[in-house]
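S.K.: what's the 3D shape of this:
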Amino acid sequence: MAEYFSAEWMNQFMQRWNSEPGLSDELAKIGFNSVIGYGFDGDAAPKGVIAIENGKATAAGTYNGEALNWDLRASPDSWQKWMSSPPGMMGLGMAYTSRKLKFIKGDYSAMVKDPRMAGPFIKSFSVMGQV
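M.R.: Numbers count the residues shown, from 1 in each chain. Predicted structure coming up:
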């Protein structure tokens with residue numbers, strides 16, 4: 001398995017993202033466009049990045065200073081846990097309030113209040129687990 005959020009890992013994630021209708025198709029319905037960074041708590045910058053246009057992942061790889069809409073950080077152990085057993089809404093809320101999942105950039109509150117975004121966000125963890 002490739003190292004979490006490496007270029008290889010992010011490219012596999014992009015392929016899985018696009019093949020999961022519960023993620024890409026649902027986000028396409030709302031015209032979701034974002035650049036999302038993923039990384040580890042305490043690092044100066046995210047490790048990997050994925051670009052989403054109209055719900056579909058169009059580019060992915062190592063973070064190289066791209067302007068981000070979302071920057072998600074957690075410990076390697078937390079990422080491992082969520083990829084092997086994706087959190088539901090309650091688990092996600094607990095991870096956020098306990099600061100195990102940090103949104104360095106992005107509006108967690110707005111996202112979870114919109115089921116059109118919250119459902120696909122939760123689905124993204126199970127897609128990560130397929131990489």
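
S.K.: what about the chain, any weak spots by pLDDT?
M.R.: In the prediction, the chain carries residues with pLDDT under 70 at positions 1-2.

S.K.: try it again at 50.
M.R.: Within the chain, the stretches with pLDDT under 50 are 1.

S.K.: if I look at N69, how far off is R116?
M.R.: For N69, the distance to R116 equals 16 Å [Cβ to Cβ, to the nearest Å]. C-beta: built from backbone N, CA, C; applies to glycine.

S.K.: and the two? Which one has more around it.
M.R.: The neighbour comparison of N69 against R116 (other Cβ atoms under 10 Å) goes to N69, with 16 against 12.

S.K.: surely the more buried one and K105 touch.
M.R.: Yes: contact status for N69 versus K105: in contact at 6.9 Å, counting by Cβ atoms under 8 Å.

S.K.: where does V35 land in three-state SS?
M.R.: strand (DSSP: H, G, I helix; E, B strand; the rest coil).

S.K.: quick one, what contacts it?
M.R.: Listed by Cβ atoms under 8 Å, 6 or more residues apart in numbering, the contact set of V35 reads V49, I50, A51, I52, E66, A67, L68, N69, W70.

S.K.: do the same with P120
M.R.: P120 neighbours (Cβ under 8 Å, 6+ apart): G22, L23, E26, L27, F32.

S.K.: quick check: closest non-adjacent residue to P86.
M.R.: Here the nearest residue to P86 in space, its sequence neighbours aside, is F125; by Cβ to Cβ, 6 or more residues apart in numbering that works out to 3.8 Å.

S.K.: what count of nearby residues applies to G39?
M.R.: If we define neighbours as other Cβ under 10 Å, then G39 has 22 of them.

S.K.: skipping adjacent residues, who's closest to it in space?
M.R.: P46 (3.5 Å).
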